[in-house]
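> Following is a predicted model, sequence given first.
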Amino acid sequence: MKERLFVAAVGIPLTAAVVWFAPDILFLCVVGVVAVICIIELMSSGRKTSLLPVAVLILGSFSLLAAFKVRNGSLMTLMVFGCAYLSDGGAMLLGSRFGKKHPFPKVSPNKTDMGVIGGLIAPMIFSLLFVSEIGVAAALVIGLILGVAAEAGDLFFSFIKRKIGIKDYGNILPGHGGMLDRFDSVILVAPMAYLIWLIM
(Lines give C-alpha, C1' and ligand atoms only; values in the text may rest on other atoms or scores of the structure.)
Protein backbone atom coordinates (compact mmCIF):
# COMPACT_ATOMS: atom_id res chain seq x y z
CA MET A 1 0.00 0.00 0.00
CA LYS A 2 2.80 2.45 0.89
CA GLU A 3 4.54 1.79 -2.42
CA ARG A 4 1.31 2.39 -4.34
CA LEU A 5 0.75 5.66 -2.50
CA PHE A 6 4.32 6.76 -3.19
CA VAL A 7 4.00 6.03 -6.91
CA ALA A 8 0.68 7.91 -6.95
CA ALA A 9 2.20 10.86 -5.07
CA VAL A 10 4.92 11.13 -7.72
CA GLY A 11 3.02 9.97 -10.78
CA ILE A 12 -0.12 12.12 -10.51
CA PRO A 13 1.70 15.48 -10.26
CA LEU A 14 4.13 14.36 -12.97
CA THR A 15 1.25 13.45 -15.27
CA ALA A 16 -0.47 16.76 -14.57
CA ALA A 17 2.75 18.67 -15.28
CA VAL A 18 3.31 16.90 -18.60
CA VAL A 19 -0.30 17.43 -19.67
CA TRP A 20 -0.40 21.09 -18.64
CA PHE A 21 3.05 22.37 -19.54
CA ALA A 22 4.38 20.13 -22.30
CA PRO A 23 3.85 21.29 -25.89
CA ASP A 24 1.81 18.93 -28.03
CA ILE A 25 4.85 17.39 -29.73
CA LEU A 26 6.50 16.59 -26.39
CA PHE A 27 3.24 15.17 -25.03
CA LEU A 28 3.04 12.99 -28.14
CA CYS A 29 6.57 11.71 -27.51
CA VAL A 30 5.84 10.91 -23.85
CA VAL A 31 2.61 9.14 -24.75
CA GLY A 32 4.44 7.22 -27.46
CA VAL A 33 7.12 6.04 -25.04
CA VAL A 34 4.49 4.89 -22.51
CA ALA A 35 2.59 3.06 -25.27
CA VAL A 36 5.74 1.28 -26.45
CA ILE A 37 6.62 0.20 -22.89
CA CYS A 38 3.07 -1.11 -22.36
CA ILE A 39 3.19 -3.06 -25.62
CA ILE A 40 6.62 -4.53 -24.82
CA GLU A 41 5.37 -5.63 -21.40
CA LEU A 42 2.30 -7.20 -22.96
CA MET A 43 4.14 -9.02 -25.74
CA SER A 44 6.81 -10.27 -23.33
CA SER A 45 4.24 -11.86 -21.06
CA GLY A 46 2.55 -14.40 -23.31
CA ARG A 47 1.74 -15.71 -26.76
CA LYS A 48 2.66 -12.92 -29.14
CA THR A 49 0.25 -13.80 -31.95
CA SER A 50 -2.87 -13.94 -29.80
CA LEU A 51 -1.92 -10.70 -28.04
CA LEU A 52 -1.33 -8.71 -31.22
CA PRO A 53 -4.90 -7.29 -31.36
CA VAL A 54 -4.49 -6.06 -27.78
CA ALA A 55 -1.20 -4.39 -28.72
CA VAL A 56 -3.01 -2.63 -31.58
CA LEU A 57 -5.69 -1.51 -29.09
CA ILE A 58 -3.03 -0.03 -26.81
CA LEU A 59 -1.33 1.82 -29.66
CA GLY A 60 -4.64 3.13 -30.99
CA SER A 61 -5.78 4.24 -27.55
CA PHE A 62 -2.65 6.25 -26.81
CA SER A 63 -2.80 7.75 -30.31
CA LEU A 64 -6.34 8.94 -29.58
CA LEU A 65 -5.16 10.31 -26.26
CA ALA A 66 -2.54 12.45 -28.03
CA ALA A 67 -5.12 13.55 -30.60
CA PHE A 68 -7.55 14.38 -27.80
CA LYS A 69 -5.08 16.82 -26.23
CA VAL A 70 -4.45 18.54 -29.55
CA ARG A 71 -8.17 18.80 -30.23
CA ASN A 72 -9.52 19.69 -26.77
CA GLY A 73 -6.60 21.17 -24.83
CA SER A 74 -4.81 20.50 -21.57
CA LEU A 75 -7.72 21.11 -19.20
CA MET A 76 -9.99 18.45 -20.69
CA THR A 77 -7.04 16.06 -20.97
CA LEU A 78 -6.49 16.48 -17.24
CA MET A 79 -10.12 15.52 -16.75
CA VAL A 80 -9.57 12.31 -18.73
CA PHE A 81 -6.49 11.30 -16.74
CA GLY A 82 -8.12 12.34 -13.47
CA CYS A 83 -11.20 10.20 -14.08
CA ALA A 84 -9.04 7.17 -14.92
CA TYR A 85 -6.68 7.61 -11.97
CA LEU A 86 -9.40 8.40 -9.45
CA SER A 87 -11.48 5.45 -10.59
CA ASP A 88 -8.54 3.24 -9.60
CA GLY A 89 -8.02 5.16 -6.36
CA GLY A 90 -11.70 5.20 -5.41
CA ALA A 91 -12.00 1.48 -6.09
CA MET A 92 -8.96 0.71 -3.95
CA LEU A 93 -9.86 2.95 -1.00
CA LEU A 94 -13.56 2.15 -0.76
CA GLY A 95 -13.10 -1.51 -1.66
CA SER A 96 -10.33 -2.19 0.84
CA ARG A 97 -12.28 -0.58 3.69
CA PHE A 98 -15.87 -1.62 3.06
CA GLY A 99 -15.87 -4.29 0.35
CA LYS A 100 -17.28 -7.69 1.23
CA LYS A 101 -18.44 -9.44 -1.92
CA HIS A 102 -16.20 -10.21 -4.91
CA PRO A 103 -18.29 -9.85 -8.08
CA PHE A 104 -15.49 -10.93 -10.46
CA PRO A 105 -13.60 -13.66 -8.57
CA LYS A 106 -12.16 -15.36 -11.66
CA VAL A 107 -11.12 -12.18 -13.47
CA SER A 108 -10.13 -9.82 -10.63
CA PRO A 109 -10.22 -11.64 -7.28
CA ASN A 110 -9.34 -8.55 -5.24
CA LYS A 111 -12.05 -6.30 -6.70
CA THR A 112 -15.02 -5.97 -4.34
CA ASP A 113 -18.57 -4.71 -4.68
CA MET A 114 -17.76 -1.47 -2.88
CA GLY A 115 -14.63 -1.15 -4.96
CA VAL A 116 -16.78 -1.10 -8.10
CA ILE A 117 -18.98 1.61 -6.57
CA GLY A 118 -15.94 3.62 -5.49
CA GLY A 119 -14.53 3.35 -8.99
CA LEU A 120 -17.68 5.01 -10.35
CA ILE A 121 -18.29 7.64 -7.66
CA ALA A 122 -14.75 9.05 -7.55
CA PRO A 123 -14.57 10.14 -11.22
CA MET A 124 -18.07 11.62 -11.01
CA ILE A 125 -17.02 13.78 -8.06
CA PHE A 126 -13.78 14.75 -9.80
CA SER A 127 -15.67 15.72 -12.95
CA LEU A 128 -17.57 18.35 -10.95
CA LEU A 129 -14.37 20.41 -10.95
CA PHE A 130 -15.05 21.07 -14.63
CA VAL A 131 -18.65 22.32 -14.38
CA SER A 132 -17.65 25.78 -15.58
CA GLU A 133 -16.55 24.20 -18.85
CA ILE A 134 -19.22 21.57 -19.47
CA GLY A 135 -22.02 22.05 -16.90
CA VAL A 136 -23.13 19.95 -13.93
CA ALA A 137 -25.22 17.35 -15.78
CA ALA A 138 -22.59 16.75 -18.46
CA ALA A 139 -19.85 16.53 -15.82
CA LEU A 140 -21.71 13.84 -13.86
CA VAL A 141 -22.63 11.83 -16.96
CA ILE A 142 -19.13 12.02 -18.41
CA GLY A 143 -17.59 11.12 -15.05
CA LEU A 144 -19.85 8.08 -14.81
CA ILE A 145 -19.12 6.95 -18.39
CA LEU A 146 -15.37 7.36 -17.97
CA GLY A 147 -15.57 5.56 -14.62
CA VAL A 148 -17.27 2.61 -16.32
CA ALA A 149 -14.62 2.66 -19.06
CA ALA A 150 -11.82 2.76 -16.48
CA GLU A 151 -13.21 -0.24 -14.60
CA ALA A 152 -13.80 -2.10 -17.85
CA GLY A 153 -10.17 -1.49 -18.84
CA ASP A 154 -8.95 -2.73 -15.49
CA LEU A 155 -11.08 -5.88 -15.73
CA PHE A 156 -10.11 -6.50 -19.36
CA PHE A 157 -6.38 -6.45 -18.66
CA SER A 158 -6.87 -8.45 -15.46
CA PHE A 159 -8.65 -11.07 -17.56
CA ILE A 160 -5.68 -11.22 -19.93
CA LYS A 161 -3.31 -11.66 -16.99
CA ARG A 162 -5.38 -14.58 -15.71
CA LYS A 163 -5.39 -16.16 -19.17
CA ILE A 164 -1.63 -15.80 -19.51
CA GLY A 165 -1.02 -16.88 -15.94
CA ILE A 166 0.90 -13.87 -14.60
CA LYS A 167 0.39 -11.57 -11.60
CA ASP A 168 1.71 -8.35 -13.13
CA TYR A 169 2.86 -7.22 -16.56
CA GLY A 170 6.19 -6.01 -15.15
CA ASN A 171 7.91 -4.52 -12.13
CA ILE A 172 8.85 -1.03 -13.27
CA LEU A 173 6.47 0.66 -10.80
CA PRO A 174 6.69 -0.43 -7.14
CA GLY A 175 3.34 -1.53 -5.75
CA HIS A 176 1.70 -1.45 -9.18
CA GLY A 177 3.74 -3.81 -11.33
CA GLY A 178 4.38 -2.79 -14.91
CA MET A 179 3.52 0.36 -16.81
CA LEU A 180 0.55 -1.49 -18.29
CA ASP A 181 -0.72 -2.31 -14.80
CA ARG A 182 -0.82 1.44 -14.12
CA PHE A 183 -2.33 2.55 -17.43
CA ASP A 184 -4.78 -0.31 -18.06
CA SER A 185 -7.77 1.84 -17.13
CA VAL A 186 -6.59 4.74 -19.32
CA ILE A 187 -6.57 2.51 -22.40
CA LEU A 188 -10.37 2.31 -22.59
CA VAL A 189 -11.00 5.75 -21.09
CA ALA A 190 -9.07 7.53 -23.87
CA PRO A 191 -11.14 6.33 -26.85
CA MET A 192 -14.38 6.76 -24.88
CA ALA A 193 -13.45 10.35 -24.01
CA TYR A 194 -12.54 11.06 -27.63
CA LEU A 195 -15.91 9.70 -28.76
CA ILE A 196 -17.82 11.74 -26.15
CA TRP A 197 -16.17 14.98 -27.19
CA LEU A 198 -16.77 14.23 -30.86
CA ILE A 199 -20.48 13.86 -30.07
CA MET A 200 -20.49 17.01 -27.94
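Perfect, thanks for sending it. Numbering: from 1, shown residues only.

> Helices of this protein, start to end?
Assigned by DSSP state H, the chain shows helices spanning 2-21, 24-43, 48-98, 113-127, 131-134, 136-164, 179-199.

> So I196 is in contact with L144, correct?
No. In this structure, I196 is not within contact of L144 by Cβ atoms under 8 Å, at 11.2 Å. Every residue, glycine included, has its C-beta placed from N, CA and C.

> what residue ranges in the protein score low on pLDDT?
1-8, 46-49, 175 (pLDDT under 70).

> mind redoing it with 80?
1-11, 45-49, 99, 173-176 (pLDDT under 80).

> so how far is A22 from G73?
G73 sits 13 Å away from A22, going by Cβ to Cβ, to the nearest Å.

> typo on my end, V34
13 Å.

> quick one: L120 and V10, what's the gap?
Remark: distance between L120 and V10 (Cβ to Cβ) = 26 Å.

> Next, F104: phi, psi?
phi -130, psi 60 (degrees, to the nearest 10).

> quick one, what contacts the nearest residue to D88 once chain neighbours are set aside?
Counting by Cβ to Cβ, 6 or more residues apart in numbering, D88 lies nearest to S185, which is 5.7 Å off, once chain neighbours are set aside. Taking Cβ atoms under 8 Å, 6 or more residues apart in numbering as the criterion, S185 is in contact with A84, Y85, S87, D88, A149, A150, E151, G153, D154.

> So which of L120 and V10 has more stuff around it?
The residue with more neighbours, out of L120 and V10, is L120; 21 against 11, by other Cβ atoms under 10 Å.

> doesn't D88 make contact with the more buried one?
No. Using Cβ under 8 Å, L120 is not in contact with D88, being 11.9 Å away.

> thinking again about what came up before, make TSV from the contacts of S185 and add neighbour count and distance to D113 to it.
Conversion of the contacts of S185 to TSV gives the following (neighbours: other Cβ atoms under 10 Å; distance: Cβ to Cβ, whole Å):
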residue	neighbour count	distance to D113
A84	28	21
Y85	24	21
S87	31	15
D88	25	16
A149	26	19
A150	30	17
E151	26	12
G153	24	19
D154	26	15
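
> And those, which is closest to M192?
Lowest distance from M192 to the contacts of S185 (Cβ to Cβ) belongs to A149, with 4.2 Å.

> Now do that closest one against P105, distance only.
Taking Cβ to Cβ, one finds A149 at 22 Å from P105.

> and what of A193?
Taking Cβ to Cβ, one finds A193 at 30 Å from P105.

> Looking at these two, which has the bigger crowd around it?
Using other Cβ under 10 Å as the criterion, A193 and P105 rank with A193 on top: 26 against 10.

> what's near enough to touch the more buried one?
A193 neighbours (Cβ under 8 Å, 6+ apart): F68, M76, M79, V80, C83, I142, L146, A149.
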